[in-house]
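Visitor: After the sequence you'll find the predicted model.
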Amino acid sequence: MSAVTTWGLVVESTVGTGERKHTEAQVVAHVEGTRGEALAELERRARSHVPTHPLSHRRRRLLRDGDGFLLVVDGAWHSFITRFTVAELLEDSAAPAAPEPVGRTPSEPEPVAETAPPAPPRPTAERLAERDEDGVPVLPSWLGRRDLS
């Protein structure tokens, strides 16, 4: 059985303005599969990305660059960049531990799930109406909506 490769989709963006302008990076998603599949998902995200800065842009250019893409957005005074990179995940200190097989011997075939797991229960109207002492809803109104997955 071959291991599935996990790819991290990394987005580095210019944030802030003036002397506080700097670059921040975050892993926005993981893709399991081939490098090509990860690059396709990364391109989809790069094409639909709307950067925070500049607020009003004059020109937008998306370029392919090796293992990713570079989005250059020209504002009235400055250009802002967003770099999209695909990289193989080698280690993750916060990844959940792989479950140990229980009650199966290595020669037994892996069981196949009959049906999809049931959807989580929808919150009740009373629970959605609950508010804390500041009047803020305890549960968000979108929680449990099946049309958002």
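Guide: Now that the structure is in, tell me what you want to look at. Numbers count the residues shown, from 1 in each chain.
Visitor: Low-confidence ranges, the protein, go.
Guide: For the chain, applying pLDDT under 70 flags the ranges 1-2, 52-56, 98-129, 138-149.
Visitor: What ranges does it have for its strands?
Guide: Assigned by DSSP state E, the chain shows strands spanning 6-15, 22-32, 59-65, 68-74, 79-88.
Visitor: buried residues in stretch 43-50?
Guide: 43, 46, 49 (16 or more other Cβ atoms under 10 Å). All C-beta spots, glycine's among them, are computed from the backbone N, C-alpha and C.
Visitor: Identify, from those, the entry nearest to D74.
Guide: Proximity of the buried residues of stretch 43-50 to D74 (Cβ to Cβ) peaks at H49, which lies at 15.5 Å.
Visitor: how about the strands of the chain in a markdown table, adding mean neighbour count and distance to E133?
Guide: Putting these into a markdown table (neighbours: other Cβ atoms under 10 Å; distance: least, Cβ to Cβ, whole Å) gives the following:
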| stretch | mean neighbour count | distance to E133 |
| --- | --- | --- |
| strand 6-15 | 19 | 33 |
| strand 22-32 | 12 | 33 |
| strand 59-65 | 11 | 45 |
| strand 68-74 | 19 | 42 |
| strand 79-88 | 18 | 40 |
